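> Provide a 3D model corresponding to the input given below.
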Amino acid sequence: MFTGIISHLGEVTSNQDNSLRISSPLALFSHLTLGMSIAVNGICLTVTKQEDPHFFYIDFMPETAQKTTIQYLKKGMKVNLELPATPNTFLAGHVVQGHVDAVSKIINIEEEGNSHLFTFSLKPSISRYLVDKGSIAVNGISLTVITATKDNFTVGIIPHTWSHTMLHQLKPGDHVNIEVDVLAKYVEKMIANNK
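All right, here's what the predicted structure looks like:
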């Protein structure tokens, strides 16, 4: 489990043969152990190898490549990194599982005052889980939905989030991982089971 608060940025150094090699800050690398989970752009993955001084590897299945943006990652690209939550972690964002529900495309980015407004495409199959002022994870970042329709949604990005995540390298047409609030899924199932 994660909280959607990005602690560090990493950099992809290779993406081949269903394996990612990522350069990470030493402050994060020092907490990694083989077999542990880590969120990379919001995808819950497993550390499969470590390499001094600060590189780690994750292996991924073809299914993961097809259903997430891992297929678009190239050498030199920045990625959001978050270590798993612990019993002592502040829930400063919201409950994020690292299970991607859909890949979305950036429709528009515009500056508004000191912030950036992002508009993302949205699959109708998951639009029912989004509400205005609700929570959503975009590339693992816990964000608040400004508006949501059946085929798109908007979020606002404050300067800190802009500079401390990989969002600043994105442009319209790029793809991101979307994870809806899992609580909405549980509520939907409970209501359906009670009918």
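> What segments of the chain are helices?
Using DSSP state H, the helices of the chain run over 26-29, 62-67, 124-127, 159-164, 182-193.
> Buried deepest among the ones you listed, which one?
Counting by mean count of other Cβ atoms under 10 Å, helix 26-29 has the highest mean neighbour count of those, with a mean of 15. Heads up, the C-betas are built off the backbone N, CA and C, glycines and all.
> which residues touch that helix?
Outside helix 26-29, the residues that touch it by Cβ atoms under 8 Å, 6 or more residues apart in numbering are 7-8, 10, 50, 53-56, 81, 83.
> How is the chain partitioned into domains?
As given by automatic domain parsing, the domain ranges for the chain are 8-82, 102-193.
> JSON lines please, covering those domains and showing distance to residue 96.
As requested, these are exported to JSON lines (distance: least, Cβ to Cβ, whole Å):
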{"stretch": "domain 8-82", "distance to residue 96": "7"}
{"stretch": "domain 102-193", "distance to residue 96": "5"}
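> got JSON lines for the ones you listed, with mean pLDDT and distance to residue 94 too?
JSON lines is the format used below for the domains of the chain (pLDDT from 0 to 100; distance: least, Cβ to Cβ, whole Å):
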{"stretch": "domain 8-82", "mean pLDDT": "97", "distance to residue 94": "13"}
{"stretch": "domain 102-193", "mean pLDDT": "95", "distance to residue 94": "4"}
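> who wins for proximity to residue 92 among these?
Residue 92 lies closest, by Cβ to Cβ, to one member of those: domain 102-193, at 7.8 Å.
> starting at the chain centroid, how far to the closest one?
10 Å (Cα atoms, centre = their mean, to the nearest Å).
> mind checking the end-to-end distance for that domain?
Using Cα to Cα, to the nearest Å, one end of domain 102-193 lies 25 Å from the other.
> Lovely, talk soon.
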